[in-house]
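**Student:** Fold the following for me, if possible:
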Amino acid sequence: MNRRDALKNLGLSFGYIIATPTILSMLQSCTTTPEEPWIPVFFSDKQAYVLENLVDLIIPKTKDVPGALDVNVPKFIDLYTSKTANDEQKELYSTGLDAIMEELGISNEEATPPKTEEPIAVKTEDFDALLSKYLRVTKEQRLAYIQEEHLVFMTLLKIRDQTVWAFKTSEEIGKNVLAYDPIPGKQKGCVSLEEATGGKAWSL
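**Tutor:** Coordinates of the predicted model:
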């Protein structure tokens, strides 16, 4: 199955939470331009850098389909966390990203003064290797990570889940990639997905 077909069926196997009007409004507000660089609300600059690279690998851009960065998924995750998570959840998320940074060899300390900050020398291959190590695993290894509550694994799992959820909830993907009908007609029972939507999962 190619990536476009996988995106069509994304909604059939994945569930996160119902996107309320408030959340949808929050997602659509996450827009930036080259003239207006993203300034994280909750995450540190280094955490945001790591988040962007991971999100870009989880759902990369292709010729036919925008990627997670194109629909501002990292910005939404940052804003959503700042608005909805309690203090304990925020601390755990931040600690988890710090653990990911440590495994990648990225210093958690901020430079003083900021102008002396060295560029982060982590390659795309390093981020991909991290995702492979923790998310492309056997069922047995996955269960082992869950049982030991492995911080890096649990944080990567959360990032992946939020990325997919935010991606398919975005207006661009909902209207132009998934099956979209803001005013649905009559219900037809026992109709195949192929017949109903051409094989696409519904965006609403």
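**Student:** For Q162, give its distance to V137.
**Tutor:** Distance, Q162 to V137, using C-beta to C-beta, to the nearest Å: 20 Å. Heads up, the C-betas are built off the backbone N, CA and C, glycines and all.
**Student:** ok, the two, which is more surrounded?
**Tutor:** Q162 (21 against 14; other C-beta atoms under 10 Å).
**Student:** Counting by contacts, list what the host helix or strand of that one packs against.
**Tutor:** Using DSSP states H and E, Q162 falls within helix 151-169. Counting contacts by 3 or more C-beta pairs under 8 Å, 6 or more residues apart in numbering; DSSP states H and E, helix 151-169 is packed against helix 10-13, helix 21-28, helix 45-58, helix 73-84, helix 87-104, helix 124-135, helix 139-147.
**Student:** So which bits of the third one are buried?
**Tutor:** Residues of helix 45-58 classed as buried under the neighbour-count rule (16 or more other C-beta atoms under 10 Å) are 46-58.
**Student:** State the mean pLDDT of stretch 105-124.
**Tutor:** The average pLDDT within stretch 105-124 is 66.
**Student:** Need the distance between the two termini of that stretch.
**Tutor:** This stretch, stretch 105-124, spans 13 Å end to end (C-alpha to C-alpha, to the nearest Å).
**Student:** With stretch 66-75 instead?
**Tutor:** End to end - C-alpha to C-alpha - stretch 66-75 spans 16 Å.
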